[in-house]
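Asker: fold the stuff below for me.
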Amino acid sequence: MKKGLLLVMILLMTYSFTGCDEGKVYEDGIYYGESEGYYSIIKVEVEVKNGKIYDISILEHNEPEILAKIVFDELPPIIIKNNSVDVDVISGATYTSESLLQAVETAIKSHEASEVEQ
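Answerer: Modelled structure (predicted):
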């Protein structure tokens, strides 16, 4: 019963995500970012192809598996689909969701920062 309710909640949350930067173009490459999660640092790798976010890999974390599974399975495809971190967080895993979004944003902005330094 609880698993069925959890599945329904996940599906409902998945369809409620929105983003507004679909037209944003990023420079192709592989970027790394991190952010403080609820229990640990979350480290990510973000791949940009053809100017769009193509893949997000979680490289390292020590978040509880119940939070990590939901957030790390559900949020990256939504970020990729919207080509933006401007998406809703997952209810019940808000802090971990926000941390993942921040890590992805840090990765994308890391290239912008290195361009300014040159």
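Asker: what comes into contact with the longest helix seen in the chain?
Answerer: In the chain, with assignment by DSSP state H, the single longest helix is helix 94-117. The contact list for helix 94-117 (CB atoms under 8 Å, 6 or more residues apart in numbering) reads 26-27, 29, 31-38, 42-46, 48, 53, 56, 58, 63, 67-68, 71-72, 75-76, 79, 85, 87, 89-90. All C-beta spots, glycine's among them, are computed from the backbone N, C-alpha and C.
Asker: strands along the chain, start to end?
Answerer: 29-36, 41-49, 52-60 (DSSP state E).
Asker: need the winner for burial among these.
Answerer: Mean neighbour count (mean count of other CB atoms under 10 Å) peaks for strand 41-49 among the strands of the chain, with a mean of 19.
Asker: that one: how far from the chain's middle?
Answerer: Offset of strand 41-49 from its chain centre (CA atoms, centre = their mean, to the nearest Å): 8 Å.
Asker: repeat for stretch 86-104
Answerer: For stretch 86-104, the distance to the chain centre is 7 Å (CA atoms, centre = their mean).
Asker: repeat that for stretch 50-66.
Answerer: The answer for stretch 50-66 is 6 Å, by CA atoms, centre = their mean.
Asker: got it, and stretch 102-111?
Answerer: On CA atoms, centre = their mean, the centre of stretch 102-111 falls 10 Å from the chain's centre.
Asker: what residues sit buried inside that stretch?
Answerer: For stretch 102-111, burial by neighbour count (16 or more other CB atoms under 10 Å) applies to Gln102, Ala103, Val104, Glu105, Thr106, Ala107, Ile108, Ser110, His111.
Asker: pretty sure Tyr38 sits against Asn62.
Answerer: No - Tyr38 is beyond contact range of Asn62, at 9.8 Å (criterion: CB atoms under 8 Å).
Asker: looking at those two, which is more packed in?
Answerer: Neighbours were counted for Tyr38 and for Asn62 using other CB atoms under 10 Å; Tyr38 has more, 16 against 11.
Asker: check what pLDDT that one gets.
Answerer: For Tyr38, the pLDDT comes out at 88.
Asker: same check on Asp21?
Answerer: 46.
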